Structure formats: C-alpha cells, structure tokens
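A.B. asks: just a sequence and a predicted model for now, questions to come.
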Amino acid sequence: MTTPAQRIYFDNAATTALDASVLEAMMPYLTNKFGNPSSIYSYGRESRLAIENARKSVAKILNAHPAEIFFTSGGTESSNTAINAAVRDLGCKHIITSSIEHHATLHTVENLYHRGEAALSFVKLLPNGHVDLEDLEHLLAESGEKVLVTLMHANNEIGNMLDIHAVGKLCKLYGAIFHSDTVQTVGHFPFDLRNTPVHFITGAGHKFHGPKGVGILYINENVKIRPHIHGGSQERNMRAGTENLYGIVGFAKALEMATANYEQDSAYIKGLKTYMMEQLMQHVKGVAFNGDQTGSCLYTVLSVSFPKTEKSEMILFNLDIAGICASGGSACTSGADQGSHVIRAINNNPNQVTVRFSFSKHNTKEEVDVVVDKLKELIW
C-alpha cells in the first residue's frame, strides 16, 4: 500500500520516467561508442548506423518511409519547423488553428501573424472542447489564400482527441497543408502515416518513457521544405549540427517498447483513469470533469474541476506538500499566474479550481486511493 510519505507522480503528460531498458540501450553511446556520426572511420560509422537503424525502426512503427523521419530536439522544435516552413517555403498565407493549442504552436503562429507573414483564424470549439469541424470547413471554403491548418491530435491539458482523418480529408479537399502536434499521441497510440492525410506530425521521447531533448518531425515525402538550421549536412541537409546520438537511440527504443506493450499498457492506464473518476464522483462533492473524458479522449489524462473554497485555492501547493505531483489548469488570472488558456477557452468558471492528473504504467490504484483521500481533506 502506498503511503502519503511516498511521492506519487500523477503528471505523466508533462514528462515520464526514463525506462530502465531505454537507459540500457543508450548506455553504450554515452560511454565507449562515442564517435561523431559524420566521421568516416569505424567509430563514426558505428554511430551513423545506430542513427539510421533508429530512423528505420521509428518509420516502420509509424508506417512511414525512413526519409520522412527527421530527428529534432523535441516537439517544440518540430512544430516550429513545420509551421514556419509551411508559411515560408510552401506558400501558406493563412493559418487556421485553435485557441487551445500548445504554446509551441500558438506562439509560433502569433509570431508569424505579428510579422505580417500570414493571416490568422481560430476555429470555433464545441462546448465539450472539441474542434467544430463545420466551422473549420467554413473557414477553409472562405479563405482566398493557401492555408496551413495546425490542430493538435490530443490536447495536453484536457485530453480531447481530434479526428485527424476527418481534418486531413478537409485539408485535402481545399488544398491546405495540415500540421498536427501529436506529442501526446506518438508512443501512446498506433499510427499509420501512409494512410493518414497529414503533411507534418511531431513526437517527443520523454512523453513515453524515453529521454528528454529528442523528438521527431515527420515530413510527408510530397512536401519539400528548406533547412531550418544551417551548417553541416546532418539529417539529410535539413538540420545542421551533430546529432543527439544517445537520445535518438533512446527515442527509438522507447517507441519500440511502447508499441510492443500498447494493448496491455493502454488498458491498464485507462482502468486507473476510470477508477479515479469513479472515486472522485463518489467521494468529492461538486467535482466536474473538463473535456470529453468518457468519449474521444486520451486514456492518460484526467482534467478535474473542484469547487473553489478557501482550502481548494491552495490545492496544488498542498498536494505538493503531501508528496503528490499534479499540474494546474485553473482559469484564474490572479497575480503572476495567468492560469490555463485551455481551461479559460472551454470552462471559464471562476468558482472552480482545475487540476490535471495524468497517468502511466507505473501508477497504481492504491496511489489513486491515497490521492482521493487527500483531495477530500483539501477541498472542504
């Protein structure tokens, strides 16, 4: 039985623990296999082979061609690269996005808009936080310019999942470029990119028990963009700079493991989420859930709104004192804390305090029980 004295980590949508098997796969490249992948002698060739084998493995899992997979420093770099390239290289003069995207997307599109490089439209959201596909089609039909649609596959705060195929088909119909931030779904769901109408997707190793500081950008083979970091010829002239060798090896290993254990892990984690929802509804008066929690939603994320009381306003601070890691999502704008732009967009209720709990294969029902017991104390 877990006791409150032990740390309970319920913030896996922020980052996950590095798997021991992933670290083991990385270790040779952190120690004796240290050659520069661009060097022609055996040490270098060994490193180059490790990168290309990782690329092939990732491509096979995502059902993409190895030439479509580019290794980056993570989801933020990948999304920045795709969005900027769509405007500067692919001729997109109008960007359609939503108000609940990750800041890696929102700040990038706002920067392009403020620099006068692209017009910017925000698609309407339905009351449950899903993108209004009718409004998206209306915006696409009305636009006289080439459009970039950038919509995330799954929201990192409320977990809502986009119908990526439906959006992709609309983009195809109107000749738009489609970028999807898939940071919360790569490593958590199967992908079949050969049969998905999308031009760019992204991934980050640390979201599925891989290392931090490494990610991928998928660029559909029919899309031609220019390098975004200039220098050497790494990543087939697309991203100069010596590759993050051990990170790339770790990313591929973590993705292989996540894919092999998908059925078992996803069912187990979904069970934890469902159990926590049931326990909260049973034991905490006035609890509510944000987004489409029982519908099209991540099995890893639970966004909970609690009644605002004198006690609950300090909920995250008090959870931390109790050794429980979770993240905020309050719509409050007091002091330096601007709150969550996602919660403000879908549930701007000043009488609620929002907390995101996110789960992994390492969590247990006993931990859920401890957290629910603690929450009962912290609300009323």
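C.D. replies: The structure has been received and is ready for your questions. Numbering: from 1, shown residues only.
A.B. asks: okay, CA-based contacts and neighbour counts for the rest of this
C.D. replies: Noted.
A.B. asks: got the phi/psi numbers for the residue nearest to V301 when sequence neighbours are not counted?
C.D. replies: Of all residues not flanking V301 in the chain, S358 sits nearest, at 4.4 Å (C-alpha to C-alpha, 6 or more residues apart in numbering). Backbone dihedrals for S358, given as degrees, to the nearest 10, come out at phi -140, psi 140.
A.B. asks: so S358 sits against T16, correct?
C.D. replies: No: in this structure, S358 is not within contact of T16 by C-alpha atoms under 8 Å, at 10.0 Å.
A.B. asks: ok, the two, which is more surrounded?
C.D. replies: Using other C-alpha atoms under 10 Å as the criterion, S358 and T16 rank with S358 on top: 29 against 22.
A.B. asks: list the residues that contact the more buried one.
C.D. replies: Listed by C-alpha atoms under 8 Å, 6 or more residues apart in numbering, the contact set of S358 reads 10-13, 300-302, 326.
A.B. asks: which one among the residues you listed gets closest to Q293?
C.D. replies: Nearest to Q293 among these is L302, at 7.0 Å by C-alpha to C-alpha.
A.B. asks: for the closest residue to that closest one other than its chain neighbours, helix, strand, or coil?
C.D. replies: Among residues not flanking L302 along the chain, F357 sits closest, at 5.2 Å (C-alpha to C-alpha, 6+ apart). Following DSSP: H, G, I helix; E, B strand; the rest coil, F357 is assigned to strand.
A.B. asks: go on, the one 10 residues further on?
C.D. replies: Of the three states, E367 takes helix under three-state DSSP.
A.B. asks: what is the burial count for it?
C.D. replies: Counted with other C-alpha under 10 Å, E367 comes out at 22.
A.B. asks: next up, phi/psi of N128, please.
C.D. replies: The phi and psi values for N128, taken as degrees, to the nearest 10, are phi -90, psi 10.
A.B. asks: follow-up on the earlier one: so the residue nearest to L302 sits against F10, correct?
C.D. replies: Yes: F357 is in contact with F10 according to C-alpha under 8 Å; the separation is 5.3 Å.
A.B. asks: list the residues that contact both of the two?
C.D. replies: With C-alpha under 8 Å, 6+ apart, F357 and F10 have common neighbours A326.
A.B. asks: show me where pLDDT drops low in the protein?
C.D. replies: 1-5, 329-338 (pLDDT under 70).
A.B. asks: so which residues of it form helices?
C.D. replies: Taking DSSP state H, the helices of the chain run over residues 20-30, 42-62, 75-88, 103-114, 133-142, 164-173, 234-237, 245-260, 262-283, 315-321, 341-346, 365-379.
A.B. asks: determine the set of other helices and strands touching the fourth one.
C.D. replies: Identification of packing neighbours for helix 103-114 by 3 or more C-alpha pairs under 8 Å, 6 or more residues apart in numbering; DSSP states H and E yields helix 75-88, strand 119-122.
A.B. asks: the first one now?
C.D. replies: Using 3+ C-alpha pairs under 8 Å, 6+ apart as the contact criterion, the secondary-structure elements in contact with helix 20-30 are helix 245-260.
A.B. asks: just checking, what packs against the helix it packs on?
C.D. replies: By 3+ C-alpha pairs under 8 Å, 6+ apart, helix 245-260 packs against helix 20-30, helix 42-62.
A.B. asks: M26 contacts Y246, correct?
C.D. replies: Yes: M26 is within contact range of Y246, at 5.1 Å (criterion: C-alpha under 8 Å).
A.B. asks: show me what contacts the residue nearest to K56 when sequence neighbours are not counted?
C.D. replies: Excluding the flanking residues, the one nearest K56 by C-alpha to C-alpha, 6+ apart is P66, at 5.3 Å. Counting by C-alpha under 8 Å, 6+ apart, P66 touches 55-56, 58-60.
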